[in-house]
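In: Pasted the sequence and its predicted model underneath.
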Amino acid sequence: MKTVTYRLTGNSLSSTIDIIAFNMHRNLLIQVFCGQGKGVLQEVISQLSVLFPKAVCVGATTDGEIDGKNIHTNETILALSTFEKTQIQSAYVDNGNSFRDGEEIAKTLIKEDTKLLLVFTDGSTSNGEDFLKGIESVNNQVIVAGGMAGDNAQFIQTYISQGDVILSQGAVGVSLSSKNLQVHNAYSFNWSPIGVEHRIDEVENNRVYRIDGMSAVAFYAKYLGEAVADALPSTGIEFPLIVKKSGLEIARAVLAKHDDGSLSFAGNLKCGDKIKLGFGNAEMIINAPTTALDVLCHAPVESFFIYSCMARRRYIPDFIQVEIEPFSRLATVAGFFTYGEFYHHDGHNELFNQTLTAVALSESKKEQDVNCCEEIRIEGKDSEYAMTIQALTHLIQQSTADLEAQAETLKREKLFSQKLLSNQKVFMRHAIHETMTPLSIIMNNIELSALKIGKNSYHAKMEAAMKNLFTIYDDLSYLVKKDHVDYPLQRIELVSYLQNRIDFFREVAAEVNLTFSLQSVQEHVTIMFNETKLQRIIDNNLTNAIKYTLEDAEILISLVLEESHFRISFSSHSTHIQYPNKVFDAYYREDSTHDGFGLGLNLVKQICDEEDILVTLDSDEDRTCFSYRFRIKV
């Protein structure tokens with residue numbers, strides 16, 4: 001096989017190309033890479049269909065053209081490839097569905113001895129990943145190459161062609177079938193992930209709505225600035241999302257911005273995908289320009305077809321030729337800069353962005369006898385500009401590495417803390433469970449002793465202490481279980497329930513010369529509430545009142561019915577609370593001379609927040625009152 005390239009000028013095709021010589025070949029493939037828009041593409045393919053009626057011709061609009069070692073923009077390049085032992089067949093599809101397009105073109109073109117499927121899709125509406133998966137569903141062994149058409153970063157409309165037919169959507173393809181054709185592929189990426197890991201929250205195929213709780217456009221604005229976000233999608237091609245698929249780091253470049261803040265990318269993403277923003281690693285590109293060629297340099301090669309991402313040309317325009325030029329030392333090179341590159345890897349077709357893909361073709365089995373992997377001198381590599389680019393790239397990489405190391409340390413510390421907390425909860429559950437038995441035994445023996453020898457002051461003190469222990473036990477038990485146990489509503493007669501809890505603590509209050517008084521206008525008030533939660537509210541307020549009320553005073557508990565609410569208040573003559581906004585904080589104790597953990601009122605506040613109970617606290621030199629306003633639930 002042999003490939004010859006032509007850059008079209010103002011001259012006619014017949015005066016530029018040896019028409020007779022090429023028409024003598026039975027198997028002629030013509031690729032048209034047009035950077036001059038639909039009009040020029042249509043004119044060129046119409047002429048070619050007349051001049052080469054037996055040739056297979058496919059084309060695409062571009063974001064730059066590759067002609068040997070030369071890189072062009074806004075030009076049209078023709079690549080004419082002749083084959084001696086290879087059959088060529090082409091087709092176009094436009095089903096309005098990318099997966100079906102891929103499926104149909106594969107069924108139409110792939111034969112038993114097909115070695116390469118060369119395909120172009122439009123870059124405006126096609127979903128490149130779905131298209132490739134459609135091909136893969138029919139055949140996952142044939143090497144696939146090509147890419148998505150461009151329109152010089154206008155992101156308005158791209159075009160592809162087959163024969164003399166031009167399409168604004170769909171796909172065109174060429175199959176190369178032969179027992180003798182040798183085909184090898186390789187790629188260079190050199191785009192590095194940067195910063196912390198993010199999560200795709202909402203996505204539909206290639207249209208991403210939310211990342212890390214914000215719109216896709218807001219995400220770009222936050223991390224790359226408002227100017228970049230405003231200029232999307234053109235700026236987004238240089239800063240793709242990077243995700244791992246099938247063991248490969250794959251970039252997903254922005255293709256379109258929508259009014260709802262979502263972004264369409266050149267390939268599909270999934271909800272839950274972990275992604276990072278990517279940037280062109282200029283240091284790697286400058287220092288290792290032959291990554292793809294290193295893989296192919298010893299393979300038989302008579303022609304190279306290169307399909308490279310537009311972002312590579314635009315990101316480091318002064319160095320892109322460094323990547324292409326080494327290929328031209330071995331064979332003719334032709335190709336274009338795309339909006340998405342097609343690649344076959346280990347039985348899977350992948351859509352790449354930000355990547356250079358190369359396919360080497362030869363009808364001969366003769367391997368290269370030159371060392372094309374030798375170090376290539378880069379003109380201007382040590383220039384001030386190049387050194388600045390490399391320095392900034394190195395700074396970004398090192399900062400990212402440091403950030404990732406810190407994130408990994410934090411992750412390990414978080415896991416350790418979570419394990420510690422989990423073990424603490426397990427210990428608390430067991431400790432609380434084991435505490436109940438001795439508490440019950442002690443209480444039972446106090447009561448038996450009082451019955452046997454008569455109740456005295458010692459019994460009263462022990463009983464009061466035990467009731468305080470039971471209250472602490474109930475609080476701890478609730479704290480441990482509350483996230484794992486349901487607390488259903490129950491019908492409770494509130495007046496008698498309050499009286500019951502007051503009676504329980506009456507002897508505890510008597511030990512410090514305090515009395516209780518319950519006031520309620522209604523004799524019976526029935527409510528729907530969970531008894532466990534209600535007990536925690538009442539018991540903690542009663543024990544706090546006993547603890548802080550001044551000696552020989554009365555603790556007043558009042559129950560008042562309002563229209564759709566009822567209010568329970570606990571008031572007494574006690575020390576003035578200096579910081580009422582802190583008393584519900586965990587572990588806060590305004591008076592450290594009194595025993596306690598500072599957890600009771602915090603637990604009460606949690607329950608009140610859960611049950612929509614309004615809490616008010618009034619405190620002055622004469623009196624302190626805690627008031628709880630409940631909604632009446634029927």
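Out: Happy to help now that I have it.
In: center of this structure, which residue is that?
Out: A centroid search over the chain (Cα atoms, centre = their mean) returns residue 199, at 1.8 Å, as the residue closest to the centre.
In: C-alpha coordinates for the host helix or strand of that residue, CSV please?
Out: Element membership of residue 199 [criterion: DSSP states H and E] is strand 191-204. What follows is strand 191-204, C-alpha atoms only, in CSV (Å, rounded to 0.1, in the frame of the first residue of the first chain):
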residue,chain,number,x,y,z
TRP,A,191,-3.5,14.9,30.2
SER,A,192,-3.2,14.7,34.0
PRO,A,193,-5.9,14.8,36.7
ILE,A,194,-5.6,17.6,39.1
GLY,A,195,-7.1,18.5,42.4
VAL,A,196,-9.5,16.6,44.6
GLU,A,197,-11.9,13.8,43.5
HIS,A,198,-15.5,14.8,42.6
ARG,A,199,-18.7,12.9,42.1
ILE,A,200,-21.2,12.9,39.3
ASP,A,201,-24.6,13.4,41.0
GLU,A,202,-27.0,13.6,38.1
VAL,A,203,-26.4,12.6,34.5
GLU,A,204,-28.3,11.3,31.5
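In: Going by neighbour count, list what's buried in stretch 68-79.
Out: 68, 70-72, 75-79 (16 or more other Cβ atoms under 10 Å). For the C-beta atoms, the positions are set from N, CA and C on the backbone; glycine is no exception.
In: can you tell me the distance between the two ends of it?
Out: End-to-end distance of stretch 68-79 (Cα to Cα, to the nearest Å): 10 Å.
In: pull the helix or strand with minimum mean pLDDT from this structure.
Out: helix 282-287 (a mean of 61; mean pLDDT, DSSP states H and E).
In: what sits against the spatially closest residue to residue 614 that is not a sequence neighbour?
Out: Spatially, and ignoring its direct neighbours in sequence, residue 614 is nearest to residue 629 (4.0 Å; Cβ to Cβ, 6 or more residues apart in numbering). Applying Cβ atoms under 8 Å, 6 or more residues apart in numbering, we find residue 629 in contact with 562, 565-567, 613-616.
In: now for the strand holding residue 199, which elements pack on it?
Out: Where contact means 3 or more Cβ pairs under 8 Å, 6 or more residues apart in numbering; DSSP states H and E, strand 191-204 is packed against strand 207-211, strand 248-252, strand 274-280, helix 384-453.
In: And the first one, what does it pack against?
Out: Helices and strands in packing contact with strand 207-211 are listed as strand 191-204, helix 216-224, strand 263-265; criterion 3+ Cβ pairs under 8 Å, 6+ apart.
In: out of the ones you listed, which comes closest to residue 173?
Out: strand 263-265 (23.2 Å; Cβ to Cβ).
In: Which residues does the closest one contact?
Out: Contacts of strand 263-265 (Cβ under 8 Å, 6+ apart): 206-208, 216-217, 220, 232-233, 236, 240-241, 252-258.
In: what lines up beside it in the sheet?
Out: strand 207-211 (antiparallel), strand 254-257 (antiparallel) (DSSP bridges).
In: Just the pLDDT at residue 12, thanks.
Out: pLDDT for residue 12: 79.
In: Now for it, how many residues are close by?
Out: A total of 11 residues lie near residue 12 under the criterion other Cβ atoms under 10 Å.
In: quick one, phi psi at it?
Out: phi -70, psi 160 (degrees, to the nearest 10).
In: Now a ChimeraX select for only the buried ones of the contacts of strand 263-265.
Out: This is how ChimeraX selects the buried members of these, with burial counted by 16+ other Cβ under 10 Å:
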select :206,207,208,216,217,220,232,233,236,240,241,252,253,254,255,256,257
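In: Tell me what the residue nearest to the centre of the chain is bridged to.
Out: Bridge pairing for residue 199 - DSSP bridges - gives residue 274.
In: Spit out the contact partners of it.
Out: So residue 199 contacts 211-212, 272-275 (Cβ under 8 Å, 6+ apart).
In: Repeat that for residue 522.
Out: Contacts of residue 522 (Cβ under 8 Å, 6+ apart): 495, 559, 561.
In: Also residue 220?
Out: 228-229, 232, 236, 239, 254, 263.
In: Quick one: neighbours of residue 553, just the number.
Out: Neighbour number of residue 553 under other Cβ under 10 Å is 16.
In: Near the spatially closest residue to it that is not a sequence neighbour, how many other residues are there?
Out: Excluding the flanking residues, the one nearest residue 553 by Cβ to Cβ, 6+ apart is residue 573, at 4.6 Å. By the measure other Cβ under 10 Å, the count of residues near residue 573 is 16.
In: hmm, back to that, between the strands paired with strand 263-265, which one is nearest to residue 451?
Out: That would be, of the strands paired with strand 263-265 and by Cβ to Cβ, strand 207-211, which comes in at 68.9 Å.
In: Check the gap between the residue of the chain most remote from its centre and residue 84 for me.
Out: Here the chain reaches farthest from its C-alpha mean at residue 453, the gap being 73.0 Å by Cα atoms, centre = their mean. Using Cβ to Cβ, to the nearest Å, we find residue 453 at a distance of 118 Å from residue 84.
In: contacting residues for residue 551?
Out: 512-514.
In: Likewise for residue 361?
Out: 1, 81, 116, 176, 181-183, 301-305.
In: Pull up the pairing partners for the strand or helix carrying it, direction included.
Out: Using DSSP H and E, residue 361 sits within strand 356-362. Applying DSSP bridges, strand 356-362 is found paired with strand 182-188 (antiparallel), strand 303-309 (antiparallel).
In: Keeping just the C-alphas, turn that strand into PDB.
Out: Extracted C-alpha coordinates of strand 356-362, given in PDB (Å, rounded to 0.1, in the frame of the first residue of the first chain):
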ATOM      1  CA  LEU A 356      -3.500  11.400  19.900                       C
ATOM      2  CA  THR A 357      -4.500   8.100  18.300                       C
ATOM      3  CA  ALA A 358      -2.400   6.600  15.500                       C
ATOM      4  CA  VAL A 359      -2.900   3.500  13.300                       C
ATOM      5  CA  ALA A 360      -0.100   2.000  11.300                       C
ATOM      6  CA  LEU A 361      -1.000   0.100   8.100                       C
ATOM      7  CA  SER A 362       1.100  -2.100   5.900                       C
END
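In: if we can go back for a sec, from the helices and strands packed on strand 207-211, which stretch is densest packed?
Out: Per residue and on average, the most neighbours among those fall to strand 263-265, with a mean of 24 (mean count of other Cβ atoms under 10 Å).
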